[in-house]
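Asks: Got a predicted model here, sequence first, then my questions.
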Amino acid sequence: MDVTNEKWAIFWCGILRPIIFEQIEPEGVNKYLKKIAQNEVVFPDGQKKKPSLSTLRRKLKKFRQGGFNSLFRKKRCDKGKSRSVSSEIIDKAVALKKEQPYRSDRTINRFLQEQDSIIIPRSTLYRHLKQEGATRLKLGVSKMKVRKRIVKEHTHDLWVGDFEEGPYVMEQNEVLPTYLCAFIDHYSRYIVDARYYLRQNLDILIDSWIRALALHGTPRILYVDNAKVYHSHGLKIACYKINTRLKHRPKGEPETGGLIERFFQTVQNQFESEVRSKEILSLEDLNRKYNAWQSMAYHKDIHTEINQQPEQAYQEGLQKIREVEINEVIYAFMQKVLRTVNRTYSDIQLNKKYFRVDKKFRGDRVEVRYDIFSHVEIIEVYSLRGEYLGKGYLHNREEGEKAESQEKSGIPEHDYLELLVRQHKKAIDSQTKGIDYREVVNGRPWPFHSFANTFASLLGRKGGITGFTSEELEKLKKTYNQSLSINKEMLLEAFELSDIKTLPYIIHELKLLIKKKGE
């Protein structure tokens, strides 16, 4: 039945109810109808007016003759048919579409205009094509995919990452745009890392991703956009090294990125709207306030999609943390180029700079490896067969032999990767105005995430490093940075010496042990 007709029939029956159920004597029917015709009533279409006496008599007559269904409005005999275009023209348009399903409304109208001097409006044409089953979808030539919902069973099964434009900030009296780089855990909707930057390119992506890896371990699948930045060889190599499957969003299919896009919408509505309503912030203040919103609001609010708090879902879905060697990830992003050592100056030109190498390699074709994200001062030199030949040091050709004296023979005192880490941190700090890049990367025998996870295990906290508050993690980090000699044995000893098994007391005992070993 037609719902609209049912509403109208119920309306008229309601007005005529006393007559229908014989609550009024036959001689009083006419008087009752005249009384109703004098009062305004609200009709089903929302209009407020008086029903005419003739209409009331006609509706009553219909009900007595045919009952409830007789009050339905009669369907138009030409319903669904065009009143401005003849059926012959419509049939011709349908035939043209079926003949070649890929014909557009413009193509079909060109035929009709030439043959019949008529053009059918686009909306009218497609309405009739759909009624006649003559659309691409109904003709079976549509390439639209039938999608299925992505479902993951555990935390860190799948991370989704992307960039989004953020609010403007004030830096050194300049108003600059920002970009939010975020990685979200699919199962729990927990944000494993997100922060605002002044650019959106590969080094920013790596900065955010490495932070997430250092705190949460590696995911099984990393799902990112199809932009060029996500197709770098370094990212592919790093994913292979840490056994993470790299997947890209298919071209022309934005729907598959709905999870991260929905998060960005939440950020815009709940956080950035507040930021934009106040005075402009610095980048540091913007990230500080964002971190507070993420920790205290987003992670603690019930997520409508999973009907649970993201931080609670994260803990419940966490099976294990797949730890990763961060230096291996960093090394994967080193750039490799071929160069010829200059015969006269015994150096290699790279990005308009010169690097002095051993004299015996003059004229040789070599492979140069360097960190593309840092202010390069040292490069690694390899033969074309992959044999390590040594290092090249930044120098000025005009200084002649004076620069040559900077060369060092034998094993260098400092580890090269450690130097890269420091240089990379310095470069990103200057580019992102104070963001502490790679704070978690230090190449120590016992990484910070292992230290924090062990601490959490001793305290009986689930989820490892994520079981601590931001304040507690800050205290742990400061203690960890006090000494390079901190190891698992020291932590266990501090735990045993502590009379009260709480974080402040254990940290106190650990500091005493550090001081003792320092003596």
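Replies: Thanks, I have it. Numbers count the residues shown, from 1 in each chain.

Asks: any idea which element residue 160 lies in?
Replies: strand 158-165 (DSSP states H and E).

Asks: What residues of that strand count as buried?
Replies: Within strand 158-165, the residues scored as buried using 16 or more other Cβ atoms under 10 Å are 158, 159, 160, 161, 162, 163, 164. C-beta here means a position set from N, CA and C on the backbone, and glycine is covered the same way.

Asks: Pipe these into JSON lines and attach pLDDT and distance to residue 229 per row.
Replies: Shown next, in JSON lines, are the buried residues of strand 158-165 (pLDDT from 0 to 100; distance: Cβ to Cβ, whole Å):
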{"residue": "158", "pLDDT": "91", "distance to residue 229": "20"}
{"residue": "159", "pLDDT": "92", "distance to residue 229": "16"}
{"residue": "160", "pLDDT": "92", "distance to residue 229": "15"}
{"residue": "161", "pLDDT": "90", "distance to residue 229": "11"}
{"residue": "162", "pLDDT": "89", "distance to residue 229": "11"}
{"residue": "163", "pLDDT": "90", "distance to residue 229": "8"}
{"residue": "164", "pLDDT": "91", "distance to residue 229": "14"}
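
Asks: Could you chop the protein up by domain?
Replies: 3-71, 87-131, 158-326, 336-412, 448-518 (automatic domain parsing).

Asks: For stretch 219-233, what does the pLDDT average out to?
Replies: Per-region confidence: stretch 219-233 scores 84 on mean pLDDT.

Asks: ok so, going back, packed most tightly, which of the domains of the chain would that be?
Replies: domain 158-326 (a mean of 18; mean count of other Cβ atoms under 10 Å).

Asks: Residue 269 belongs to a helix, doesn't it?
Replies: Yes. Counting by DSSP: H, G, I helix; E, B strand; the rest coil, residue 269 falls inside a helix.

Asks: Against residue 329, how distant is it?
Replies: 34 Å (Cβ to Cβ, to the nearest Å).

Asks: if we can go back for a sec, of all the domains of the chain, which one comes closest to residue 140?
Replies: Checking the domains of the chain against residue 140 by Cβ to Cβ gives domain 87-131 as the closest, at 8.1 Å.

Asks: Now find how far off-centre that closest one is within its chain.
Replies: Its chain's C-alpha centre and that of domain 87-131 lie 42 Å apart, by Cα atoms, centre = their mean, to the nearest Å.

Asks: same deal with stretch 290-306?
Replies: On Cα atoms, centre = their mean, the centre of stretch 290-306 falls 15 Å from the chain's centre.

Asks: Sketch out the low-pLDDT regions of this protein for me.
Replies: Low-confidence segments of the chain (pLDDT under 70): 1, 74-84, 142-152, 252-257, 372-375, 399-444, 470, 519.

Asks: Spatially central residue in it, please.
Replies: residue 260 (2.6 Å; Cα atoms, centre = their mean).

Asks: Just give me how far the strand or helix carrying that residue sits from the chain centre.
Replies: Assigned by DSSP H and E, residue 260 belongs to helix 258-266. When distances are taken as Cα atoms, centre = their mean, helix 258-266 is centred 6 Å away from the chain's centroid.

Asks: contact partners of it?
Replies: 150, 160-162, 164, 180, 182, 184, 186, 189, 191, 254, 298, 305 (Cβ atoms under 8 Å, 6 or more residues apart in numbering).

Asks: Grab the CA positions of that helix and hand them over as PDB.
Replies: The C-alpha trace of helix 258-266 is given here as PDB (Å, rounded to 0.1, in the frame of the first residue of the first chain):
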ATOM      1  CA  GLY A 258      37.300   6.400   5.300                       C
ATOM      2  CA  LEU A 259      38.700   5.500   8.700                       C
ATOM      3  CA  ILE A 260      41.400   8.100   8.700                       C
ATOM      4  CA  GLU A 261      39.200  10.700   7.000                       C
ATOM      5  CA  ARG A 262      36.600  10.200   9.700                       C
ATOM      6  CA  PHE A 263      39.200  10.900  12.300                       C
ATOM      7  CA  PHE A 264      40.400  14.000  10.600                       C
ATOM      8  CA  GLN A 265      36.700  15.200  10.500                       C
ATOM      9  CA  THR A 266      36.500  14.600  14.300                       C
END
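
Asks: what about the residue nearest to residue 130 when sequence neighbours are not counted, how many residues close to it?
Replies: What sits nearest to residue 130 in space, not counting adjacent residues and going by Cβ to Cβ, 6 or more residues apart in numbering, is residue 138, at 7.4 Å. Using other Cβ atoms under 10 Å, the number of residues around residue 138 comes to 13.

Asks: Just confirm residue 138 is within a helix.
Replies: No. Counting by three-state DSSP, residue 138 is not part of a helix but coil.

Asks: how near is it to residue 448?
Replies: For residue 138, the distance to residue 448 - Cβ to Cβ - is 60 Å.

Asks: Now do the strand or helix carrying residue 366: which elements does it pack against?
Replies: Under the criterion of DSSP H and E, residue 366 resides in strand 365-371. Using 3 or more Cβ pairs under 8 Å, 6 or more residues apart in numbering; DSSP states H and E, the elements in contact with strand 365-371 are strand 334-340, strand 347-350, strand 378-382, helix 416-431.

Asks: related to what we said a few turns ago, relative to residue 244, which of the contacts of helix 258-266 is nearest.
Replies: Nearest member of the contacts of helix 258-266 to residue 244, counting by Cβ to Cβ, is residue 161, at 11.8 Å.

Asks: Would you mind measuring from that closest one to residue 243?
Replies: For residue 161, the distance to residue 243 - Cβ to Cβ - is 18 Å.

Asks: before we move on, back to that, got the angle between the helix holding residue 260 and strand 158-165?
Replies: Angle between the axes of helix 258-266 and strand 158-165 is 40 degrees (criterion: axes from the mean of the first three to the mean of the last three Cα atoms, to 10 degrees).

Asks: After helix 258-266, heading C-terminal, what element do we hit next?
Replies: Using DSSP H and E, the first helix or strand after helix 258-266 is helix 273-276.

Asks: how close does residue 212 sit to residue 449?
Replies: Distance from residue 212 to residue 449, by Cβ to Cβ: 11 Å.

Asks: which SSE is residue 321 in?
Replies: Judged by DSSP H and E, residue 321 forms part of no helix or strand.

Asks: Tell me how far it lies from residue 105.
Replies: Distance, residue 321 to residue 105, by Cβ to Cβ: 56 Å.

Asks: cool, and residue 263?
Replies: 38 Å.

Asks: Could you do residue 487 as well?
Replies: From residue 487 to residue 105 the distance is 74 Å (Cβ to Cβ).

Asks: repeat for residue 46
Replies: From residue 46 to residue 105 the distance is 35 Å (Cβ to Cβ).

Asks: hang on, the earlier thing: can you list the strands that the strand holding residue 160 pairs with?
Replies: strand 179-185 (antiparallel), strand 221-224 (parallel) (DSSP bridges).

Asks: Touching that strand from outside, list them.
Replies: With Cβ under 8 Å, 6+ apart, strand 158-165 has contacts from 150, 152, 177-187, 192, 200, 205, 208-209, 212, 219-225, 257, 259-261, 264, 267.

Asks: could you redo the last one with a cut-off of 6 Å?
Replies: 152, 179-181, 183-186, 200, 219, 221-225, 259-260, 264 (Cβ atoms under 6 Å, 6 or more residues apart in numbering).

Asks: next one: stretch 244-251
Replies: 218, 219, 221, 222, 223, 225, 226, 239, 256, 257.

Asks: Over to it now: how far is its first residue from its last?
Replies: End-to-end span of stretch 244-251 (Cα to Cα, to the nearest Å): 22 Å.

Asks: go on, stretch 179-191?
Replies: Stretch 179-191 end-to-end distance (Cα to Cα) = 16 Å.

Asks: How far away from the center of its chain is it?
Replies: For stretch 179-191, the distance to the chain centre is 6 Å (Cα atoms, centre = their mean).
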